[in-house]
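1. got a sequence here, can you model it:
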Amino acid sequence: MTIKLKLLLLVLPSLIAVAATACGGSNTEVFLSAVVSGVVDEANVNQDGGKSETFSININGGRQLYVHLSLPEGNITGIWNADAGEYIYEVSPGIVTGTGLYIFAESGLHQFFIRSTNPKILSPFTFKIWES
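-> Below you'll find the predicted structure:
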């Protein structure tokens, strides 16, 4: 094999992963204590007619976690736990930053969404989930 072909085979999987993430093709796995920033834009339409960005986190169930969410705009409704069908952290009207507590009942990989009420407005956010 030539050097160029070997290099292409090494780089290609990374390029495919970047393209899938940029196109909204998959969710983003986050880790405890990581600060995550993004913008809800043209991702999945949720049942309320809004938009959402999809994330997943691998945690040990039964532990109390802190959840912090910051919003420069008031267009985010909160962090929705898809597995439990409830908010991990729900934003109150007029609040642009807040911290709450949440306990995942089961261990494993959990999918959650940052939800926006208006699909036509870009909605920036920053969040962090960490153990107490």
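2. so where do the helices sit in this structure?
-> Counting by DSSP state H, the segments of the chain that form helices are 3-22.
3. center of it - which residue?
-> residue 55 (3.3 Å; Cα atoms, centre = their mean).
4. my guess is that residue meets residue 111, correct?
-> Yes: contact criterion Cβ atoms under 8 Å: residue 55 and residue 111 qualify, at 7.3 Å. For glycine as for every other residue, the C-beta is placed from the backbone atoms N, C-alpha and C.
5. got the contact list for the residue nearest to the centre of the chain?
-> 27-30, 36, 111-114 (Cβ atoms under 8 Å, 6 or more residues apart in numbering).
6. got any residues that touch both of residue 55 and residue 111?
-> Contacts common to residue 55 and residue 111, judged by Cβ under 8 Å, 6+ apart, are residue 27.
7. pLDDT-wise, which helix or strand of the chain ranks last?
-> helix 3-22 (a mean of 41; mean pLDDT, DSSP states H and E).
8. report the mean confidence score over stretch 62-77.
-> For stretch 62-77, the mean per-residue pLDDT is 88.
9. re the thing from before, per-residue pLDDT, the residue nearest to the centre of the chain?
-> Note on residue 55: pLDDT of 92.
10. what are the bridge partners for it, then?
-> Going by DSSP bridges, residue 55 is paired in beta bridges with residue 28, residue 112.
11. and the gap between it and residue 93?
-> 24 Å (Cβ to Cβ, to the nearest Å).
12. now the strands for this protein?
-> Listed in chain order, the strands of the chain (DSSP state E) span 28-30, 35-40, 44-45, 51-59, 64-70, 76-81, 86-90, 97-103, 108-116, 123-131.
13. of those, flag the one that's most buried.
-> strand 76-81 (a mean of 22; mean count of other Cβ atoms under 10 Å).
14. sheet partners, orientation included, of that one?
-> Applying DSSP bridges, one finds strand 76-81 paired with strand 86-90 (antiparallel), strand 108-116 (antiparallel).
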